[in-house]
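S.K.: Next one to model:
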Amino acid sequence: MKTAYFAAGCFWGIEKKFADLAGVVNTAVGYMGGEKSNPTYEQVCSGETGHAEVVQVDYDPRLISYEKLLEHFWQIHNPTSLNFQGWDVGTQYRSVIFYVDEEQRCLAEKSRDAEGKSGKHTEPVVTEICKAGRFWLAEAYHQQYLDKQKR
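M.R.: The predicted structure is shown next:
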């Protein structure tokens, strides 16, 4: 198993979009990239902690590659939106790829460069690529939120 971390707006929808991929064995939502230890949803939404809403993606690299996860990441959000996605506005909704090792960093940078040169966007890609820090698991009611709403 390997792990990847992506931020691309509200984590509820992003989690669902990654969870449905073949080869993804587990997803969780939480917070990363900020200064406060063990932040709450309310604290992150205040914009004062510096965290982004993040999806942790545990995947089987024999079934899906990190490159395929990156391709999916670019398709499921607007990487030219600085600190917002759709109706969600704030730094917690910024576009970020958090890498866990040098291989992921290199692949993420190559992928971002290709996305920027793809001609798909009229504005520049603003996605950050940052070293993964501590992943703070979000509150239980946020986990698999969209699946819970269907019950």
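
S.K.: Please save the CA atoms from the stretch of helix or strand residue 58 belongs to in PDB.
M.R.: Using DSSP states H and E, the element containing residue 58 is strand 52-59. Extracted as PDB, the C-alpha positions of strand 52-59 are listed here (Å, rounded to 0.1, in the frame of the first residue of the first chain):
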ATOM      1  CA  ALA A  52      -6.200  22.900   3.800                       C
ATOM      2  CA  GLU A  53      -9.000  20.400   3.600                       C
ATOM      3  CA  VAL A  54      -7.200  17.200   2.500                       C
ATOM      4  CA  VAL A  55      -8.000  13.700   1.300                       C
ATOM      5  CA  GLN A  56      -5.700  10.900   2.300                       C
ATOM      6  CA  VAL A  57      -5.800   8.300  -0.400                       C
ATOM      7  CA  ASP A  58      -4.400   4.800   0.400                       C
ATOM      8  CA  TYR A  59      -3.900   2.900  -2.800                       C
END
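
S.K.: That one pairs with which strands?
M.R.: Applying DSSP bridges, strand 52-59 is found paired with strand 2-8 (antiparallel), strand 24-32 (antiparallel).

S.K.: want to throw those strands into JSON lines with mean pLDDT, distance to residue 86 and mean neighbour count?
M.R.: Every residue, glycine included, has its C-beta placed from N, CA and C. Formatted as JSON lines, the strands paired with strand 52-59 follow (pLDDT from 0 to 100; distance: least, Cβ to Cβ, whole Å; neighbours: other Cβ atoms under 10 Å):
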{"stretch": "strand 2-8", "mean pLDDT": "98", "distance to residue 86": "11", "mean neighbour count": "22"}
{"stretch": "strand 24-32", "mean pLDDT": "98", "distance to residue 86": "17", "mean neighbour count": "20"}
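
S.K.: could I get those as a markdown table with distance to residue 99?
M.R.: Formatted as a markdown table, the strands paired with strand 52-59 follow (distance: least, Cβ to Cβ, whole Å):
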| stretch | distance to residue 99 |
| --- | --- |
| strand 2-8 | 8 |
| strand 24-32 | 11 |
